[in-house]
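A.B. asks: coords below, sequence missing:
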């Protein structure tokens, strides 16, 4: 599952570090919610 999220993240293009950090936080929140489901 982590590899899946990492692959999606790598396919995206970021214009800055802030967007990257925000996306990582969103991915982590989604992953935690998925685990709790």
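C.D. replies: Arrived safely, thanks for sending. What you see is a predicted model, and the numbers here were worked out from it, not measured in a lab.
A.B. asks: Just give me the longest helix of the protein.
C.D. replies: When the chain is parsed with DSSP state H, its longest helix is helix 17-36.
A.B. asks: Now it: buried residues?
C.D. replies: Neighbour-count burial for helix 17-36, counted by 16 or more other Cβ atoms under 10 Å, picks out residue 27. C-beta here means a position set from N, CA and C on the backbone, and glycine is covered the same way.
A.B. asks: and that helix, how far out from the chain's middle?
C.D. replies: Distance of helix 17-36 from the chain centroid (Cα atoms, centre = their mean, to the nearest Å) equals 4 Å.
A.B. asks: Report all helices and strands that that helix contacts.
C.D. replies: On a contact count with 3 or more Cβ pairs under 8 Å, 6 or more residues apart in numbering; DSSP states H and E, helix 17-36 meets helix 2-11.
A.B. asks: Distance check, the residue nearest to the spatial centre of the chain against residue 33.
C.D. replies: Ranked by distance to the mean C-alpha position of the chain (Cα atoms, centre = their mean), the top residue is residue 27 at 2.9 Å. Using Cβ to Cβ, to the nearest Å, one gets 11 Å for the distance from residue 27 to residue 33.
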